[in-house]
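Asks: no sequence on this one, just coordinates:
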Ligand SMILES: [Fe+2]
């Protein structure tokens, strides 16, 4: 018998998981839907199938995809869990078998099992494929009409290692740019940078080392540059083996931001250094005629949702983001960048 979900802020209210999959063939519409408006809207998010094993973390709930299809003045809805290996194992067991980040928290029945992730963070349409994304693994392909799970997509074997949930699609040429972290299969400073053309062929993939192993959630692309922010939400399996957190806030490591020309390679990465802060998501970025790069980002004084390295919880007052503008001057002989608050 399934167990009730615990009282947890990310399992309640608007975040409460749906316990069903359903189809609504013809939704009631208030007013009138223009007949010319045809297409599909997809949404993805963590929706744990079973009450979590140990503490719940938002990032570890099973992906559930929702689709709203508009056609000829009518609207249809469908939702489906992504059928990952974890989902199948837990469905068969009737309970959660996997912990959040630490493999040592998993049930012994799945110890050492290689999984394809939770596919819970984002969903994109690129190269004629609908892909559910989660930054620790390869994209997971779904049928765009039925939401049936097709499985992990490795770009014909060319993709090795994980892909961020926040790739960038170039509006001018349709190329998709992305990175991966923990790229060698375990928690490490190994990263990759890849480009897929608009038809879905992986054109380019390069490996590089970040200054330290960190959770790298998102990145920045302008017309001419790729920017990799490495911020001190560090990952360490050794720390976890000693009973500490897998991911933790280590501000003494500072922030290091790699800037790479798009017409160059990872060999051309130029690293800038700054005070510790954390950014889950950038908002906008562009290059200027005088050789500067301007990035507007949602910046936290301390990474939210994660503890300090000793396991003590972070300060909720510092877990509030403000809009900040980073400016990198590529022509100045400096590894510093400026940070300017844009609002409170
Ligand atoms: Fe995100």
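Replies: Alright, I've got the coordinates. A quick note: this is a predicted structure, and the numbers were derived from the prediction, not measured.
Asks: for residue 14, helix, strand, or coil?
Replies: helix (DSSP: H, G, I helix; E, B strand; the rest coil).
Asks: Oops, could you answer that again for residue 332 instead?
Replies: coil.
Asks: can you tell me how far it sits from residue 135?
Replies: Counting by Cβ to Cβ, to the nearest Å, the gap from residue 332 to residue 135 is 33 Å. From N, CA and C alone the C-beta is placed, and that goes for glycine too.
Asks: Same check on residue 78?
Replies: 26 Å.
Asks: The two - which one has more neighbours?
Replies: residue 135 (22 against 18; other Cβ atoms under 10 Å).
Asks: give the contact list for the more buried one.
Replies: Shown in contact with residue 135 (Cβ atoms under 8 Å, 6 or more residues apart in numbering): 121, 162, 163, 164, 165, 166, 180, 181, 216, 217.
Asks: Confirm for me that the third one is in contact with residue 138.
Replies: Just to be clear, that refers to residue 163. Yes: using Cβ atoms under 8 Å, residue 163 is in contact with residue 138, at 6.1 Å.
Asks: So between those two, which is more surrounded?
Replies: More crowded of residue 163 and residue 138, by other Cβ under 10 Å: residue 163, with 27 against 22.
Asks: Is that one in a helix, a strand, or coil?
Replies: Strictly by three-state DSSP, residue 163 counts as coil.
Asks: for it, phi and psi?
Replies: phi -130, psi 140 (degrees, to the nearest 10).
Asks: Would you mind giving the domain segments of the protein?
Replies: 1-153, 173-344 (automatic domain parsing).
Asks: Can you show me the strands along the stretch 151-300 of the chain?
Replies: Secondary structure of the stretch 151-300 of the chain (DSSP state E, counting those that start in this stretch): strands at 168-169, 176-181, 190-196, 202-209, 220-221, 225-230, 233-235, 247-249, 255-261, 270-274, 278-287, 292-300.
Asks: Can you add mean neighbour count and give those strands back as TSV?
Replies: Formatted as TSV, these follow (neighbours: other Cβ atoms under 10 Å):
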stretch	mean neighbour count
strand 168-169	18
strand 176-181	24
strand 190-196	22
strand 202-209	16
strand 220-221	22
strand 225-230	22
strand 233-235	24
strand 247-249	24
strand 255-261	20
strand 270-274	15
strand 278-287	18
strand 292-300	20
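Asks: JSON lines please, covering the ones you listed and showing distance to residue 87 and mean pLDDT.
Replies: Shown next, in JSON lines, are the strands of the stretch 151-300 of the chain (distance: least, Cβ to Cβ, whole Å; pLDDT from 0 to 100):
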{"stretch": "strand 168-169", "distance to residue 87": "28", "mean pLDDT": "98"}
{"stretch": "strand 176-181", "distance to residue 87": "22", "mean pLDDT": "98"}
{"stretch": "strand 190-196", "distance to residue 87": "26", "mean pLDDT": "98"}
{"stretch": "strand 202-209", "distance to residue 87": "26", "mean pLDDT": "97"}
{"stretch": "strand 220-221", "distance to residue 87": "32", "mean pLDDT": "98"}
{"stretch": "strand 225-230", "distance to residue 87": "31", "mean pLDDT": "98"}
{"stretch": "strand 233-235", "distance to residue 87": "24", "mean pLDDT": "97"}
{"stretch": "strand 247-249", "distance to residue 87": "23", "mean pLDDT": "96"}
{"stretch": "strand 255-261", "distance to residue 87": "35", "mean pLDDT": "98"}
{"stretch": "strand 270-274", "distance to residue 87": "39", "mean pLDDT": "97"}
{"stretch": "strand 278-287", "distance to residue 87": "25", "mean pLDDT": "97"}
{"stretch": "strand 292-300", "distance to residue 87": "31", "mean pLDDT": "97"}
